[in-house]
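>>> The amino acid sequence is not available; the structure is as follows:
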């Protein structure tokens, strides 16, 4: 059951982050899930000193995961822009 929750919550977080960063048209559902899961990990490392990755799903862990996903998309956007030029 845990892996299904990771996929569902990761998909929602990745989708919301892509809407905020205006990259929703460039991503599919698989990339949204990947961005959400990796963003949750990044948010847990940066904002909660690693404690979020073992924490239950609460509003705070959801917001930290969303911030991590937004940071990940911002980094990806910077890399894409610099490689195009």
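Perfect, I can see it now. No experiment lies behind these values; they were computed from the predicted model shown.
>>> and the longest helix seen in the chain, what does it pack onto?
Longest helix in the chain, counting residues (DSSP state H): helix 59-84. Counting by 3 or more CB pairs under 8 Å, 6 or more residues apart in numbering; DSSP states H and E, the packing neighbours recorded for helix 59-84 are helix 2-20, helix 29-47. No exception for glycine: its C-beta is placed from N, CA and C like everyone else's.
>>> Could you check the angle the first one makes with helix 59-84?
Using axes from the mean of the first three to the mean of the last three CA atoms, to 10 degrees, one finds that helix 2-20 and helix 59-84 are set 60 degrees apart in direction.
>>> tilt between helix 2-20 and helix 29-47?
Relative orientation of helix 2-20 and helix 29-47, computed by the same axes, to 10 degrees: 90 degrees.
>>> can you tell me the average pLDDT over helix 2-20?
The average pLDDT within helix 2-20 is 85.
>>> Could I get the buried residue list for it?
By 16 or more other CB atoms under 10 Å, the buried positions in helix 2-20 come out as 9, 10, 11, 12, 13, 14, 15, 16, 17, 18.
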